[in-house]
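Student: Dropping a prediction and its sequence here:
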Amino acid sequence: MSTATVEEIGEVTAPEPFWTRQRRLGVALVLIGVLAAVLFGSLAPSEAARFTLSEDAEGAALSINGQFGAILFGIVTIITGGLLFTSFAKRYQNLLLSLGILTFVLSFLCWQVAGKFLPLVDTTSGTLQLALPLILGALAGVLGERSGVVNVAIEGQFLMGAFAGALVGTMATSVWVGLISAAVGGVIIAAILAVLSIRYLVDQTVVGIVLNLFALGVTGFLYERLMQNDASKYNEPPRLPEWRIPGLADIPVVGTVLFDTNLLVWVALGLVVLIHFGLTRTRWGLRTRAVGEHPTAADTVGIRVRGLRYMNVLLGGVVAGLGGAYFTLVATGSFTKNMTAGAGFIALAALIFGRFTPFGALGAALFFGFAQKLATYLSAVGSPVPSQFLNMLPYIATIIAVAGLVGRVRAPAADGVPYIKS
Amino acid sequence: MTTEAPAKKEAEKPEEESFLSVFTRNLWSSNTVTVTFLSIVLAFVIGAVLIVVSDSEVLEKFAYFTARPGDALTASWQLISTAYSDLLKGAFGDPEAFSAWFAGTGTWQDAFSPISETLTYAAPLVFTGLSVALAFRGGLFNIGAQGQAVIGCITAGVAGFTFGLPIVLNLVVAIVAGAIGGALWGFIPGILKARTGAHEVITTIMLNYTAALFLSWLVLQKGIQDPERTDAISKAVAESAKLPSFGGVLRVHMGILLAVAVTAGVAWLLNRSSFGFELRAVGANQHAAKTAGISVAKTYALLMAVAGGLAGLGGATQVLGTAYALTPSVAGNIGFDGLLVALLGRNKPWGTLWAALLFGALRAGGNRMQSYSGISLELVTVLQALIVIFIAAPALVKAIFRLRATRLVRPGASLAKG
């Protein structure tokens, strides 16, 4: 077994000892830095790019000459790439990488915003709001996949959660009942996934894909039969209230974004910490990881493999259902057919891009949320960069990540493998 | 000879049963046909429940169910039977239209239009279904049929309105362009899997959305968008690049014949060619195949390209046969439906063809059900998903109907993966 894996790795990547991951990343950063400095720098008009601290053009702002900024940040990207390449500061590899990507994005922004303004509060809160379902969906994925059950049905759980939240929330005229029903909606799909994949040993990807279609069909069907005929009776749920925490909410930018917002933001961020802590520090977490990596060994020491998998997938259903609630109870206030429009798959991408960890998923979700927010901003200001290409970013980034072009992502060893007790 | 015969008879004696009992026993054991049939029945039963619970008038009758159960039951039966009979009429033909044709009051076109619709919807699904089925047999799960079909739509559509070649040649070029486009898009996950081991499920899901976004961008570009329109629609493909059809209400086109031919081709490729042998070997056990000298990496890359080409053909038939112009949703859901079709067809070429016909029939019937009985077309999606869920979990169907376990285990009858 071990020799086979060693051989495979040797054949697959055949790395020259010189071309370490760090070096390749360095070269990639230098290349995009050059692109930023030369292309963005030459295209950017020499006008002030204003990043206002409020929601509009008024008030205090961070301001920089667009052309100068584009070139400056491009050069910083090149420098970080160079540092990575020369193996300087090995310990700060991830920090340098983040810095390099950040300055590349800043260079891009300087080009796009030059002569205009970008409201920081609006951008940040928009990013967080767009990332919200992605965070929750990816966390649902973390719960399932770390225990060895592939969950490609996040999209279906979103839809079911969004639908159940809207339907029951309206009928009970209570947003809290709606929120709970959304979680139940997610659990329904999760339960079918769990039973079919754990008990009936159906291929987990197959079940997931089919469940997405099933959820799409059921919610679409009931939407057309019930909600469309009588929206006030079935499809006007109350929205989640926004709560303002006095004091903390007065901090510029961050305060408005984090402390003057709806409950779901805190739930999502809290769950990231909770699940991270649970996975790394508790008995449940150790068992989950054991079951996901080597179920036979886990079984040998008396862990109930299937039971734990059931529990984790159902918990994932709760979390993903709450993510679905975002669409109806936070974002829009009504359900429409196929309203999640692939968000479940971006959540899946965030899960993989975040290397199956809660904080990684959070980072990836925020990054993807930012890309979406930027896409709407750019199309609003009439930028030449097509919004569709920015929206492709999550998908392409994930392909690059799983292909190992920038550091290979490794899934839990027993992910997707049903456990048959012998 | 003479000594053996009585002994044999002796041994067979206790096993001897009447033909009928053997027949019923086999009928009720969990063979493929029975499970498929029961899955369809189960799906329709659940669909009927959905129809009833979503109808407020019938639900009101259920409120006084204990007092007068007849009311609720009759109303439910009425609702379900009209819905499903409309589904059947829309899929296979309305007896009234046939009798009108015989009586001379109707046209034969009207009588045959339901079948034409069924075949029209089935044609692209055959291709995408074959794409998924073939990849499955090689041990790859091609969720990317949707994206490959989208790219196939793009290349076939663009070729269809750009070149302006003479008749026949233009059509051939457009179809080939569709296949090549899909093949290239399928080759990406194939080569990534072969070279880096990136899981094809993940890469193909991501490529689906990338392709969809690319299409929605492309149809708005100069030279592609219809100059007389402001919405997202491309120029129409040239008349000479369209797949020939009867015209009028009969939308069925040459694509279905092409689909049958390609099914035969795939069946040959899979069962008779050396590449088919290699891919089945890799699908059965890649380590053993490698030991036997088959290049697993090469097989993966080539297989995904071929699968992509098939899905691309599906996209091409969609554009050249029914849509005639690119829109962001031109490919509809044919890729994902193809996935279900392949699963329903047990990943066999001819099985896939029949499954595609069933799905086409459901879709065509669903249209009629929507317009005549007012039951949303989404019910068809639910039915399709349910059928495949039950097919994929034969143990579940067995448990529900208490079927006997099959005695004869046929090799290769199960799915490529679990």
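Tutor: Thanks, I have the structure now.
Student: and the biggest helix by length in chain B, what's its mean pLDDT?
Tutor: Across chain B, the longest stretch assigned as helix under DSSP state H is helix B:108-137. Mean per-residue pLDDT for helix B:108-137: 91.
Student: Pull the distance from the helix or strand hosting B:Phe62 to the chain's centre.
Tutor: In the assignment (DSSP states H and E), B:Phe62 maps to helix B:56-63. Computed by CA atoms, centre = their mean, to the nearest Å, the separation of helix B:56-63 from the middle of its chain amounts to 36 Å.
Student: Name the residues of that helix that are buried.
Tutor: B:58, B:61-62 (16 or more other CB atoms under 10 Å in any protein chain shown). Just so you know, the C-beta spots here come from the backbone N, C-alpha and C atoms, and that holds for glycine as well.
Student: Turn those into JSON lines, including distance to A:Ala114 and pLDDT.
Tutor: Shown next, in JSON lines, are the buried residues of helix B:56-63 (distance: CB to CB, whole Å; pLDDT from 0 to 100):
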{"residue": "B:Val58", "distance to A:Ala114": "63", "pLDDT": "80"}
{"residue": "B:Lys61", "distance to A:Ala114": "67", "pLDDT": "79"}
{"residue": "B:Phe62", "distance to A:Ala114": "65", "pLDDT": "79"}
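Student: Closest one to B:Trp354 out of those residues, please.
Tutor: B:Val58 (34.4 Å; CB to CB).
Student: which secondary structure element contains the nearest residue to the closest one once chain neighbours are set aside?
Tutor: Leaving aside its sequence neighbours, B:Val58 sits nearest to B:Ala75 (CB to CB, 6 or more residues apart in numbering or on different chains; 4.7 Å). Applying DSSP H and E as the criterion places B:Ala75 in helix B:69-92.
Student: Also compute the angle for that helix relative to helix B:108-137, please.
Tutor: With axes from the mean of the first three to the mean of the last three CA atoms, to 10 degrees defining the directions, helix B:69-92 sits at 90 degrees from helix B:108-137.
Student: Which of the buried residues of helix B:56-63 sits closest to chain A?
Tutor: Using CB to the nearest CB, B:Val58 comes nearest to chain A of the buried residues of helix B:56-63, at 11.4 Å.
Student: so that closest one sits right up against B:Thr74, yeah?
Tutor: No. Between B:Val58 and B:Thr74 there is no contact under CB atoms under 8 Å: 9.7 Å.
Student: how much space between the nearest residue to B:Leu165 once chain neighbours are set aside and chain A?
Tutor: Nearest non-adjacent residue to B:Leu165, counting by CB to CB, 6+ apart: B:Val173, 5.9 Å away. To chain A, B:Val173 is 28 Å away according to CB to the nearest CB, to the nearest Å.
Student: Now do the helix or strand where B:Val173 lies: which elements does it pack against?
Tutor: Taking DSSP H and E as the criterion, B:Val173 maps to helix B:169-196. Contacts defined by 3 or more CB pairs under 8 Å, 6 or more residues apart in numbering or on different chains; DSSP states H and E place helix B:169-196 against helix A:2-13, helix B:145-162, helix B:200-218, helix B:296-317.
Student: what angle separates the helix holding B:Ala75 from helix B:56-63?
Tutor: 150 degrees.
Student: Please state the offset of helix B:69-92 from the chain centre?
Tutor: Taking mean C-alpha positions (CA atoms, centre = their mean), helix B:69-92 and its chain are 26 Å apart.
Student: and the longest helix for chain A?
Tutor: Under DSSP H, chain A gives helix A:120-146 as its longest helix.
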